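> build me a structure from this.
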Amino acid sequence: MRLLTQKVPRDFNIFLISCTHFGSRLHASSGFNSFIEKVESSYEGLPHTRNYVVHHGDHIEGILADDKRFQLSSNKTAEALPQFWEAVKAYKPIKNKIVALMEGNHDQRLWRYGNITAAISRELYGDFDRYASYTTRISWYDKKDRLLFKHFATHGRKSLGSAADDPIRVQSNLRLQLKRRLKMKAGDAFLMTRGHSHMLFHTPPIHEMYLYEDANKITSTYTKTSQGRTWIHPDHRWYVSVGAFYRIYVSEVLKYDPMRPQESVTNSYVEMGDYDPAQLGYAVAVVRDGKIQKVNEEYIA
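Got it, this is the predicted structure:
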C-alpha cells in the first residue's frame, strides 16, 4: 500500500478512472480522448486547473503471446513496450493533473519485465512519486494544511455480479457487494473507490432518521458524521466503482482475413468469458468547500 497526500483548493474535482488497457484493439480510444478533453476543460463551474486524476490501474493490456488469453487479432502488438509507450503518450496531456497511478492485475502480470506502472511514473515525472501500488490511501488537504477527507482506493481483484432477474435488484446487489468489499479496508476513509470490475456506479452516504427526547418533547433528526474522523460509519461513506475504457466487442471490422489477423473480425476474452456488457466511462467526485457534494458518472461511447 502507498500512502499519499495531496494539497488542493477547497473547491475541486477528482476524476476517478481505471482499466484503460492500452495495447488492445478493445481500448475505447474515442472515449478516452473525450475524457482527456473533459479533464482539460472547465468542469462543474471550475477551471481545468481544479481537476485532478486518480488512475486505478490496468494501464496496459499486458497479455502477451505466452498468456492463454492472447489473441493476435485482438491485440495491437504482442510486445509489452509498445503498450507502455502508448500509455505514456496518452497521459502526457494531463500529467500535471495526475495524483496517483495505481497498479492493476494486467500491469502486474508482467512482473518479470519489472514494475510497469512505476516505470510509467518514472517516464512521465522522472521519479516514482505518483506510483501508488495496488492499493493506496490519499489524504486530501487544503492549502492551509487542514485535512478535508481520506480516500481509500484499490484496483480490486474479485469480480462483481448479480444473478437477479430484475434491474432494481441487480443494482442494489452490486452496490451492496461493492460496499462489503471495501468497508472493512479502512475505517477513516470518507471516499472508497475501486476499479477492475469494468462497472460504473456509486453509492452515496445514507443517513437515517432517528427520534430522541428533549425537554419532554420527541424530536427527529438524522445520523451524520464528520468526513475527517478516525472512524466513519460504513453507511456514511461514498463507494464508487469507477468504470473502464475497455469494450466487449470490436464491431467496426466486418471481414475475416487469415493473413491479416490484426485487421480482421476478432473476439475479446471478455466476450468469450460470457460477461454481460457494461456501461463504459469514469466517475468524478465533485468537492465544494472541502466536502464531497456528489459523484457524477460520465459515460463514454
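> C-alpha from now on. contacts and neighbour counts both.
Will do.
> show me the longest helix that occurs in the chain.
helix 167-182 (DSSP state H).
> buried set for it?
For helix 167-182, the neighbour count (16 or more other C-alpha atoms under 10 Å) marks 171, 173-175, 178-179, 182 as buried.
> C-terminal to that helix, what's the next element?
Once the chain leaves helix 167-182, the next helix or strand it forms, by DSSP states H and E, is strand 189-194.
> show me what contacts the nearest residue to residue 95 once chain neighbours are set aside?
Counting by C-alpha to C-alpha, 6 or more residues apart in numbering, residue 95 lies nearest to residue 124, which is 7.0 Å off, once chain neighbours are set aside. Each residue near residue 124 by C-alpha atoms under 8 Å, 6 or more residues apart in numbering is listed here: 88, 92, 95.
> switch to 10 Å and redo it
Residues counted as contacts of residue 124 (C-alpha atoms under 10 Å, 6 or more residues apart in numbering) are 88-89, 91-92, 95-96, 118, 130.
> quick one: the buried residues of helix 167-182 as TSV, columns for distance to residue 106 and pLDDT too.
Listed next are the buried residues of helix 167-182 as TSV, based on distance: C-alpha to C-alpha, whole Å; pLDDT from 0 to 100:
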residue	distance to residue 106	pLDDT
171	27	93
173	26	95
174	23	96
175	25	96
178	21	97
179	24	97
182	21	98
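> let me know the closest of the residues you listed to residue 299.
Ranked by distance to residue 299 (C-alpha to C-alpha), the buried residues of helix 167-182 are led by residue 171 at 16.9 Å.
> residue contacts, the closest one?
So residue 171 contacts 161-162, 164, 177, 201-202 (C-alpha under 10 Å, 6+ apart).
> now, these that are in strands?
201-202 (DSSP state E).
> so which two of the contacts of residue 171 are the farthest from each other?
Taking C-alpha to C-alpha, no two of the contacts of residue 171 sit farther apart than 164 and 202, at 18.7 Å.
> between those two, which one's more packed in?
Neighbours per residue (other C-alpha atoms under 10 Å) separate residue 164 from residue 202, with residue 202 holding more: 22 against 12.
> the more buried one and residue 4, how far apart?
Going from residue 202 to residue 4 by C-alpha to C-alpha, to the nearest Å gives 23 Å.
> residue 291 too?
To residue 4, residue 291 is 19 Å away according to C-alpha to C-alpha.
> what does residue 193 give?
As judged by C-alpha to C-alpha, residue 193 and residue 4 stand 15 Å apart.
> compare the two (neighbour count), which wins?
Remark: of residue 193 and residue 4, residue 193 carries more neighbours, 25 against 18, as counted by other C-alpha under 10 Å.
> I'd guessed the more buried one sits against residue 16; true?
Yes: with contact defined as C-alpha atoms under 10 Å, residue 193 counts as touching residue 16 (8.0 Å).
> what's the lowest-mean-pLDDT helix or strand in the chain in contact with?
Of the helices and strands making up the chain, the lowest-confidence element is helix 269-272, at a mean of 82, by mean pLDDT, DSSP states H and E. The contact list for helix 269-272 (C-alpha under 10 Å, 6+ apart) reads 26, 68-71, 74, 246-250, 275-277.
> hang on, the earlier thing: now, of the contacts of residue 124, which are buried?
Among these, the ones that count as buried by 16+ other C-alpha under 10 Å are 88, 95, 118, 130.
> roughly how far does the residue lying farthest from the centre of the chain sit from residue 87?
Farthest-out residue of the chain from its mean C-alpha position, per C-alpha atoms, centre = their mean: residue 216, at 49.9 Å. For residue 216, the distance to residue 87 equals 65 Å [C-alpha to C-alpha].
> select from the contacts of helix 269-272 the one having the most neighbours.
residue 246 (27 neighbours).
> hey, what's that one bridged with?
Residue 246 has the following beta-bridge partners by DSSP bridges: residue 27.
> show me where the stretch 1-150 of the chain has helices.
Taking DSSP state H, counting those that start in this stretch as the criterion, the stretch 1-150 of the chain carries its helices at 29-39, 80-91, 105-108, 116-125.
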